[in-house]
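S.K.: prediction below, plus the sequence it came from.
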Amino acid sequence: MARYDKYEPKAGGFRAPLAADLAKTTGQGTGNPLGVGLDVNGRVVPGAGQTGIVGVLVTTKDMKAGDIVDVMTAGEIVEMAAVAAGKMVTALTTTGVTDDNATDATHLPIGFTVEATRLVVRVGNTVTVEVDVTP
């Protein structure tokens, strides 16, 4: 089962409550991390939610709604299953399930594999800001 390996606690992610009960990652299929987003109340949901995919989540036990979880935005996850080395890894926007072969519009990139079992996570949302420079 996948687990967090390298994680910088001040800049590699954030903490937020779960929106609903969530089975440990192995209960989600391959045991690999899930791509997650935030709902309208700022709670973590599998898939894109309101924000799009903002990070990945690895759970080693069943979690309850309201539990605080660590969402990784930058770091490394090891002990991945069923992925190949040197591949881009994406998360399905509807469920958050990760894949190293999907490239369509419903899959958003979350990182890449260096070895077949090690995922380098680099998730970032682009924020557009309009600035009025009229003198």
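M.R.: That came through, no problem. Residues are numbered from 1 along each chain as shown.
S.K.: C-alpha only now, for contacts and for neighbours.
M.R.: Fine.
S.K.: residues contacting the strand ranked longest in the chain, please?
M.R.: Looking across the chain with DSSP state E, the single longest strand is strand 107-115. If you take C-alpha atoms under 8 Å, 6 or more residues apart in numbering as the criterion, strand 107-115 is touched by 35, 53, 55-56, 83-93, 119-123.
S.K.: among those, name the buried ones.
M.R.: 35, 53, 55-56, 83-84, 87-93, 119-123 (16 or more other C-alpha atoms under 10 Å).
S.K.: got a list of what V83 touches?
M.R.: V83 neighbours (C-alpha under 8 Å, 6+ apart): 99-100, 113, 116-117.
S.K.: again, but for I53
M.R.: Residues near I53 by C-alpha under 8 Å, 6+ apart: 35-37, 47, 91, 93, 96, 108, 123, 125.
S.K.: what is the nearest of the residues you listed to T73?
M.R.: Relative to T73, the closest of those is V123; by C-alpha to C-alpha it sits at 5.0 Å.
S.K.: could you dump stretch 36-53 to CSV, C-alpha only?
M.R.: In CSV, the C-alpha atoms belonging to stretch 36-53 read as follows (Å, rounded to 0.1, in the frame of the first residue of the first chain):
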residue,chain,number,x,y,z
VAL,A,36,-8.6,15.2,-4.0
GLY,A,37,-10.3,18.6,-4.2
LEU,A,38,-12.3,20.7,-1.8
ASP,A,39,-16.0,21.2,-1.6
VAL,A,40,-17.9,24.5,-1.2
ASN,A,41,-17.2,24.3,2.6
GLY,A,42,-13.4,23.7,2.2
ARG,A,43,-13.7,20.0,3.1
VAL,A,44,-11.6,17.3,1.3
VAL,A,45,-13.5,15.2,-1.3
PRO,A,46,-12.2,12.5,-3.7
GLY,A,47,-11.9,13.9,-7.2
ALA,A,48,-12.1,17.5,-8.3
GLY,A,49,-14.8,18.9,-6.0
GLN,A,50,-15.3,22.7,-6.4
THR,A,51,-11.6,23.5,-6.7
GLY,A,52,-10.2,20.9,-9.2
ILE,A,53,-7.6,18.4,-8.0
